[in-house]
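> Next one to model:
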Amino acid sequence: AAASLRQVTSTHSDVAPEPDCSTGLLQVSLQGTPHRVAGTVQGSTPVLQELNGATFKQLVPLAGPVLIYRAKASEPSTLPTLAGLLAKVGVQLQSYHSSGTVAGEQWNVVGLSAPLSNLSELKPCVTEVFQLHL
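Down below sits the predicted model:
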């Protein structure tokens, strides 16, 4: 099955979240998904801060092909499975960010050199997975 790429729409508020902050809040809606996403803009790049209540310790740049998955925090095989899949298809992992744990699960955002055409190998070790091309 081909991986579906979701469209992203965003709205930018000029109301800064903090005094003396030059960035505004960015709310992103992922078409076709019920996810609640919040972030800001750094320069011209949108960055993710929170996904469905799970916060990221570092801001996550939303640029290029991005793979987003949710998995149990106690699941050790997800990252090795992803690394093996990327090596097999010749796609490079360019960035990796994981959120704090919410209800025993973490969100992970992986920047890729190219989108993956097949996510079926990841599905057994994740709760949910999708890709964005920004």
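> Could you pull out the helices in the chain for me?
Secondary structure of the chain (DSSP state H): helices located at 78-89.
> who's in contact with stretch 70-90?
Residues outside stretch 70-90 that contact it (CB atoms under 8 Å, 6 or more residues apart in numbering): 67, 69, 92-93, 96, 101, 104-108, 110, 112, 116-117, 121-122, 125-129. Every C-beta, even on glycine, is put in place using the N, C-alpha and C of the backbone.
> Same question for stretch 116-125.
By CB under 8 Å, 6+ apart, stretch 116-125 touches 1-3, 65, 67, 69, 71, 75, 77-78, 81-82, 84-86, 89, 91, 129, 131.
> Could you give me the ChimeraX syntax to select whichever of these are buried?
In ChimeraX, this line selects whichever of those come out buried by 16 or more other CB atoms under 10 Å:
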select :65,67,69,71,78,81,82,85,86,91,129,131
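> circling back to that earlier point, drop anything exposed from the contacts of stretch 70-90.
Here, 16+ other CB under 10 Å leaves 67, 69, 105-108, 110, 112, 116, 122, 125-126, 129 buried among those.
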